[in-house]
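A.B. asks: quick one: sequence plus predicted model below, questions after.
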Amino acid sequence: ETVYEANLIGSDLKIAIVTGRFNDFITSRLLDGAVDGLVRHGVSKENIDTAWVPGAFELPLVAKKMAETKKYDAVIALGTVIRGATTHYDYVCSEAAKGIAQAGMSTGVPVIFGVLTTETIEQAIERAGTKAGNKGYEAAVSAVEMGNLMKAFD
Ligand SMILES: O=c1[nH]c(NC[C@H](O)[C@H](O)[C@H](O)CO)c([N+](=O)[O-])c(=O)[nH]1
């Protein structure tokens, strides 16, 4: 009986990160957290490429493009959508989530969902490096796990 589960040692992984610039007061913190998470799990800095897009709605396209290069073991998509400040909150969130999942499924490269969807700015700040942790860091750990796990199926 085989149990497939991966470790969190990222020393031979190459990772791409795409970040939405909208709410960049928050998303830049998510990016810092993601890079910190990758580096502290052994991913070397020169194996981390990053891209910026206007907002969460554009994350899926660039995540897919990066995955299609076949240069990366995983792609991390980071963004922040705050309902209080977004009239079309539901569309941005659902399109981002759907598109990010599709980017992974259609390419076979893990694309990690690191998009904050919150009611308030405070909730976003809590999840970008204060009392509720850093969603970017968490996404990085998931990327290392998934990058390693996929190698088990090669
Ligand atoms: O990442 C976000 N993009 C947002 N909109 C921009 C969207 O992602 C696209 O960049 C834009 O619609 C152009 O395509 C947001 N709001 O609308 O508030 C938001 O809260 N977060």
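C.D. replies: Yes, it's here. Numbering: from 1, shown residues only.
A.B. asks: in the longest helix seen in the chain, what counts as buried?
C.D. replies: If you go by DSSP state H, the chain has its longest helix at helix 89-107. Going by neighbour count (16 or more other Cβ atoms under 10 Å), the buried part of helix 89-107 is 89, 92, 93, 95, 96, 97, 99, 100, 103, 104, 107. (Each C-beta comes from the backbone N, C-alpha and C, glycine too.)
A.B. asks: need the max-distance pair from those residues.
C.D. replies: Within the buried residues of helix 89-107, 89 and 107 form the most distant pair, 27.4 Å apart (Cβ to Cβ).
A.B. asks: one step back: among the buried residues of helix 89-107, which one sits closest to the ligand?
C.D. replies: residue 92 (5.0 Å; Cβ to the nearest ligand atom).
A.B. asks: how about the contacts made by the closest one?
C.D. replies: Residues in contact with residue 92 (Cβ atoms under 8 Å, 6 or more residues apart in numbering) are 55, 56, 57, 81, 86.
A.B. asks: near the ligand, from those?
C.D. replies: When contact is defined as Cβ under 6 Å from any ligand atom, the contacts of residue 92 meet the ligand at 55, 56, 57, 81, 86.
A.B. asks: for the ligand, state which of those is nearest.
C.D. replies: The closest of those, once distances to the ligand are taken by Cβ to the nearest ligand atom, is residue 55, at 2.4 Å.
A.B. asks: tell me the pLDDT at the closest one?
C.D. replies: Note for residue 55: predicted pLDDT of 97.
A.B. asks: let me know whether residue 56 touches residue 86 as I believe.
C.D. replies: No. Using Cβ atoms under 8 Å as the test, residue 56 is too far from residue 86 to be in contact (9.6 Å).
A.B. asks: more neighbours: those two, which one.
C.D. replies: residue 56 (29 against 17; other Cβ atoms under 10 Å).
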